[in-house]
Each structure stands twice: as structure tokens, then as C-alpha cells.
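Novice: Can you look at this prediction? I've put the sequence above it.
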Amino acid sequence: MKILICNDDGYQAPGIVALYEALKPLGDVEVVAPEHNNSAKSNALTLNAPLYVHRAANGFRYVNGTPADCVHIALTGLLGYRPDLVVSGINNGANMGDDTIYSGTVGAAMEGYLFGIPAIAFSQIEKGWAHIDAAAAKARELVQQCAAGGLIGRAPWLLNVNIPNLPLEQIRPLKVVRLGRRHAAEPVITQVSPRGETMYWIGAAGPALDEAEGTDFHASDHGHVVMTPLKVDLTDHDRLAWWAQAAAALQTGGQGGA
Ligand code: MN
């Protein structure tokens, strides 16, 4: 099994080092990851600046770009082969509910998925890397299960996985759940710079709004590893027919008024 690993916290982050060590025994594993922290970069690509790839002493390759840049260039020429699986993380902090839209960890996995490769984004729920080795063991377990179940090498899929910061024996079994929702973000933070200008810092993500049973927020609060299968189609299928009618009515109204 050929595995490409990326993340959004940067190639030196403890989460990607632990993930690499955990997955290394499973096959040919390569790391191509951002040079610096690129959290919340989603699927951003760098189109107006050159990208450079360097190799660190531990063999990891790092790029002066975004998570999606790393996976994109890895898959379109850098690796020279097609990996069987793209794995991202382990992120420093949860990526649940609306976080998935902004997450660079999810973005890196999604980039692999868009190229037709099965992909998994892994995050630890609390920041600070407590019990990162337990999270990495859980990540390896899931990758092994996917491989043993024949899920790799078939139609692509995209999984978002969050792991509680607990000792291995206290982590409860995997639950497949839907995404919850967060409140709108906390207010922007303003400060005055040393030069007297106002600086704006994006506020923290809001607390959970929809944390009902069956959501990622709920099950992870109860110590479970939580997994949500994601899709990329943003079409509002439920309201497609409603909008078709509304658009027709608007056109009719426009013609009537003309
Ligand atoms: Mn991050």
C-alpha cells in the first residue's frame, strides 16, 4: 500500500510525525506537507507564486504552500506514482461540524479525493497533543481495517475522523456520525499595533449549536472516535426543484412587467 501523508499544521508538527511513525509499517509512506502552519486554508491553491519542495533530515518533504498545494503537486508530478490512500493530520484540534469547510486538514484529504483517491482526515479533539500516540494508534487501526476490508483501490471516498485526547484504553469505539453545527464564530479581536494601527484577529470558532445525538460533537463528548463520510457536491438537492420554480416565476414576472 502506497500512502501519501499531508497535514495543515506544518511538517514539523507532532501530529504528522506520530501519524507517519504509526503508518510506516503498513507500506510505502511518504510525507509532503506545508513548511508552516496552514490551518484554516481549506482547499486553497497557490496560483500566483512559485512553490519549492525541500527534503528535511527525516525524509519528509515540505512545501512553501498550502495543504492542497502539497497534495496537488505530489499527485501531479512530484511523486511519480499514484498513491492508494491520502491521509491528512493528525490535526492539532477538532475539525467537526462547520470546521470541515475551513479545515486545511480536511482540504488536504479532499484534494486527494478530488483526484479519485480514497482519503482520510484525522484530527485530535483538544489542542496541545496530549495522548497523540494513542490517536496515531487509532488512526493506524482504521487504515488497517479499511485495507483489510478491501475498501482501498475501489471508488474514492472521503472520511473525516476526530479522536478524543485520551489514553488508548479509555478511547471508546468508532461511531459513524453526521456533522453537527457550530454557532457563528466569536467576535473579531482588535488590538492597536505598535505603529498605532488597528489590527483585527479572527475570533475563535463558536461553541456547538447542533450537538444532538448522532452528531460528531455528541459522540466525541462521550469519548468515541467519530467518523463522518463527506461528499463535495454543494448542490442543494432538496431545494433544486423549488428554485427551478422560483426562477421560472421570476422570469415570467420579469417578462410580464416588461
Ligand atoms: Mn491545523
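Specialist: Nice, I can see it. All values reported here derive from a predicted model rather than from experimental measurement.

Novice: what's the residue of the chain found nearest the ion in contact with, if anything?
Specialist: In the chain, no residue comes nearer to the ion than Ser39, which is 3.3 Å away by CB to the ion. Every C-beta, even on glycine, is put in place using the N, C-alpha and C of the backbone. Contacts were defined as CB atoms under 8 Å, 6 or more residues apart in numbering; by that measure Ser39 touches 8-9, 91-93, 103-105.

Novice: repeat that for 10 Å
Specialist: Shown in contact with Ser39 (CB atoms under 10 Å, 6 or more residues apart in numbering): 7-10, 67, 91-93, 95, 102-105.

Novice: go on, Gly104?
Specialist: 6-9, 34, 37-44, 66-68, 70, 88, 91, 95, 110, 121.

Novice: of these, buried ones?
Specialist: The neighbour count (16 or more other CB atoms under 10 Å) marks 6-9, 34, 38-43, 66-68, 70, 88, 91, 95, 110, 121 as buried among the contacts of Gly104.

Novice: Centre-most residue in this protein?
Specialist: Taking CA atoms, centre = their mean, the centroid of the chain lies closest to Val106, which sits 1.5 Å from it.

Novice: What's the per-residue pLDDT of that residue here?
Specialist: Note for Val106: predicted pLDDT of 98.

Novice: Quick check on the nearest residue to Leu159 once chain neighbours are set aside: phi, psi?
Specialist: Distances taken as CB to CB, 6 or more residues apart in numbering put Ile120 closest to Leu159, at 4.6 Å, once the chain neighbours are dropped. Main-chain dihedrals, Ile120, degrees, to the nearest 10: phi -130, psi 130.

Novice: Now do the contacts for Ile120.
Specialist: The contact partners of Ile120, taken as CB under 10 Å, 6+ apart, are 3, 85-89, 109, 112-113, 139, 142-143, 146, 157-161, 227.
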